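Novice: give me a 3D structure for the following:
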Amino acid sequence: MAELRKTSESVEEKPKSHMEPSSKRGRGLIIEGYPVEGLSIGGHETCIIFPTLKLAFDIGRCPQRAISQDFVFISHAHMDHIGGLPMYVATRGLYSMKPPTIFVPKCIKEDVEQLFNIHRKMDQSELKHNLIGLDVGEEVNVRRDLRVRAFRTYHGIPSQGYIVYSVKQKLKKEHVGLSANEIKTLKSSDHKHSEGTSSCFYRRHHI
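Specialist: Predicted coordinates:
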């Protein structure tokens, strides 16, 4: 994996809803036009962020810039990848941000639910979030034109990686020239009026 440089922000600063492109700050990477930032220190912390897509892969110790991401994909349950998850959810609640959506390997979903229940009991807080178990081979749309699929990886404990796809819809040839209302009618009748094409621009393995 290409090197990613560590970012530093004050822990007291409220996360910004708008992220500056990495190139303007002179750090980070650009993959297929998407800025990528984060850090990965084996055994300590891993969190890879796509700020313009509002998603992160693993949460590490919950670095400040990860808090603004609406989606988090967890690869496995080692502490350097998942340890900051309760803090991530709690901090978003503190700033009145919408509950995040968290994807975890399906085999650890119940354990993660118990983890949050314990923190709710101790902290007396709601810790609102959407927790979804995603199995190997399953896909999820995080945006109309963006899809993420889980794939198998091999580690000391159950783990998986994630592939990010951009998806484009194009009108079928036989429907070219139809009015917007005609296409809408076809769509409402479950008639397939477009064909999808996809391209992979990011493949995330666990570290």
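Novice: averaged pLDDT, the longest helix along the chain. What do you get?
Specialist: Counting residues, the longest helix in the chain under DSSP state H turns out to be helix 109-123. For helix 109-123, mean pLDDT rounds to 96.
Novice: got the CA coordinates for the helix or strand that comes right after it in PDB?
Specialist: Using DSSP states H and E, the helix or strand that follows helix 109-123 in sequence is strand 130-134. Taking Å, rounded to 0.1, in the frame of the first residue of the first chain, the C-alpha atoms of strand 130-134 are listed here in PDB:
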ATOM      1  CA  ASN A 130     -26.600   2.500  12.300                       C
ATOM      2  CA  LEU A 131     -24.700  -0.800  12.500                       C
ATOM      3  CA  ILE A 132     -24.700  -3.200   9.500                       C
ATOM      4  CA  GLY A 133     -23.100  -6.600   9.200                       C
ATOM      5  CA  LEU A 134     -21.600  -7.000   5.700                       C
END
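Novice: parallel or antiparallel, which strands does strand 130-134 pair with?
Specialist: strand 101-105 (parallel) (DSSP bridges).
Novice: for R65, helix, strand, or coil?
Specialist: State at R65, reduced to three classes by DSSP: H, G, I helix; E, B strand; the rest coil: helix.
Novice: quick check, it in contact with I49.
Specialist: Yes: assessed by C-beta atoms under 8 Å, R65 is found in contact with I49 at 6.0 Å. C-beta coordinates here come from the backbone N, C-alpha and C atoms, glycine included.
Novice: overlap in contacts of the two?
Specialist: Residues touching both R65 and I49 by C-beta atoms under 8 Å, 6 or more residues apart in numbering: E37.
Novice: more neighbours, those two?
Specialist: I49 (28 against 20; other C-beta atoms under 10 Å).
Novice: quick one, phi psi at the more buried one?
Specialist: For I49, the backbone dihedrals (degrees, to the nearest 10) come out as phi -120, psi 130.
Novice: partners of it in the sheet?
Specialist: Under the criterion used (DSSP bridges), I49 bridges to E37, A56.
Novice: what of V104?
Specialist: Bridge pairing for V104 - DSSP bridges - gives G133.
Novice: tell me the spacing between it and T52.
Specialist: In this view, V104 and T52 are 24 Å apart by C-beta to C-beta, to the nearest Å.
Novice: comparing the two, which residue is more hemmed in?
Specialist: Legend: neighbour count by other C-beta under 10 Å for V104 and T52, higher for V104 (24 against 14).
Novice: which residues touch that one?
Specialist: I74, I82, V112, L131, I132, G133, L134.
Novice: number of residues surrounding Q124?
Specialist: Quick note: Q124 (other C-beta under 10 Å) scores 7 neighbours.
Novice: likewise for V140?
Specialist: Applying other C-beta under 10 Å, I find that V140 has 16 neighbouring residues.
Novice: skip the chain neighbours and tell me the closest residue to D58.
Specialist: Setting aside the residues directly before and after it, D58 is nearest to H81 in space (C-beta to C-beta, 6 or more residues apart in numbering), at 4.2 Å.
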